[in-house]
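Trainee: give me a model of this one.
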Amino acid sequence: MLDLRRLQVLAAVVDTGSVTAAATRLGYTPSSVSQQLSVLERETGLPLIEKNGRGIRPTEAGVLLAEHAEGVLRAVSAAETAMTDLREGRSGRVRVMSFTSAGDTLLPTAVARLRRTRPGLHVATTVGETDVAYEMLRSHQIELAVVLEPFGLGDEPHDDLLRVHLLDDPYRAMLPAGHPLTASDTVELTDLAGEDWVAALGGNGYCRDDTVDLCRRAGFTPRFVAHAVEFPAAQAYVAAGIGVGLVPMLALGTVHRGVEVRRLRRAPEPRHVWIATRPAAAATQTVAETIDALRRAAAEHSRRTKGHVTPNDAEPAPA
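Mentor: The predicted structure is shown next:
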């Protein structure tokens, strides 16, 4: 295989027409340039430079090889630039899988930020449940997973993955407009024990299961009269006066007309939202930048929803 530095020497000699000028351009001595050319001629088995009066000129083989050398050197320079851009986070690709409500709220904000700060970075997003996300993460099909976990900050397991805590996602009560309990800024979960309930199923029923679990911890089992695929549809049932429901703040989105949202007086355990990645992936600039953008999006969401009573309020209720 031809040596890249010797090709660079040949290209400089052909371009400048002089061993001395090529040496000055490259920072070599003239004797070093001559030695590199001699080695290259032995490697190719062809004369590349010939005398021309008091100067030199390239042979046909020298011109041809110099043309190829220019192309090789441009490609190497482009590769070096690409690697620098990738290392410094100016380009590259990060694949992210998240659960639905994080994909609807946190990811758009994070991706928009990255498009401003790292326009060459492509963030490919998709939606999936926690078990699927972990499977794809460990099989190197994605670099980041935004997942729901049963443990909070400080209780994360020590395994083969690196985890970053994003936020704790509190629940709110959804009530039909005009419901007697909307007279207060907060409601007691047990006050809803006798109500008809509406639940969102989510990807695998976990949303309904969470509602059942939280209500049972409060001492009752909810009586479901309607189920929806996702939370926006569940709101429609509540707005129609069919029942009440629980919704995590990440999934609240725009509140339907006819729905009142209230904080729970004795708040149940929130959903714990985490980023998971492989340690080697976390060491790259592109993944580190994406994690930072997600953390900023989570912090912005938390500030925006702190003390939240209903998204239609001009001012949030006191915490």
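Trainee: counting by contacts, list what the helix or strand containing Trp197 packs against.
Mentor: Element membership of Trp197, judged by DSSP states H and E, is strand 196-200. When contacts are defined as 3 or more C-beta pairs under 8 Å, 6 or more residues apart in numbering; DSSP states H and E, strand 196-200 packs onto helix 206-217, strand 223-228, helix 231-239, strand 245-248. No exception for glycine: its C-beta is placed from N, CA and C like everyone else's.
Trainee: the helix or strand of the chain with the lowest mean pLDDT: what's the following helix or strand?
Mentor: The least trusted helix or strand in the chain, going by mean pLDDT, DSSP states H and E, turns out to be helix 60-87, with a mean of 85. On the C-terminal side of helix 60-87, the nearest following helix or strand under DSSP H and E is strand 91-98.
Trainee: partners of that next one in the sheet?
Mentor: If you go by DSSP bridges, strand 91-98 pairs up with strand 120-127 (parallel), strand 144-149 (parallel).
Trainee: so what does the residue of the chain most remote from its centre have for phi and psi?
Mentor: Distance from the centre of the chain peaks at Gly53, with 63.8 Å (C-alpha atoms, centre = their mean). Taking degrees, to the nearest 10, you get phi 70, psi -120 for the backbone angles of Gly53.
Trainee: follow-up on the earlier one: go through the helices and strands packed on strand 196-200 and pick out the most buried.
Mentor: A comparison of the helices and strands packed on strand 196-200 by mean neighbour count, using mean count of other C-beta atoms under 10 Å, puts strand 245-248 on top with a mean of 26.
Trainee: still on that earlier bit, out of the strands paired with strand 91-98, name the one with the poorest average pLDDT.
Mentor: Mean pLDDT is lowest for strand 120-127 among these, at a mean of 92.
Trainee: what's the offset of that one from the middle of its chain?
Mentor: Relative to its parent chain, strand 120-127 has a centroid offset of 6 Å by C-alpha atoms, centre = their mean, to the nearest Å.
Trainee: got the buried residues for stretch 255-269?
Mentor: Applying a neighbour-count criterion of 16 or more other C-beta atoms under 10 Å, the buried positions in stretch 255-269 are Val255, His256, Val259, Glu260, Val261, Arg262, Arg263, Leu264.
Trainee: pLDDT and secondary structure for those - can I get that in a markdown table?
Mentor: As requested, these are exported to a markdown table (pLDDT from 0 to 100; DSSP: H, G, I helix; E, B strand; the rest coil):
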| residue | pLDDT | secondary structure |
| --- | --- | --- |
| Val255 | 89 | coil |
| His256 | 89 | coil |
| Val259 | 96 | strand |
| Glu260 | 96 | strand |
| Val261 | 95 | strand |
| Arg262 | 96 | strand |
| Arg263 | 94 | strand |
| Leu264 | 95 | strand |
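Trainee: out of the residues you listed, who's nearest Leu189?
Mentor: Leu264 (5.6 Å; C-beta to C-beta).
Trainee: who does the closest one form a beta bridge with?
Mentor: Beta bridges link Leu264 to Val187, judged by DSSP bridges.
Trainee: ok, which of the helices and strands packed on strand 196-200 comes nearest Glu188?
Mentor: Glu188 sits nearest to helix 206-217 of all the helices and strands packed on strand 196-200, at 12.1 Å, using C-beta to C-beta.
Trainee: that closest one: how far from the chain's middle?
Mentor: Distance, stretch centre to chain centre, for helix 206-217: 29 Å (C-alpha atoms, centre = their mean).
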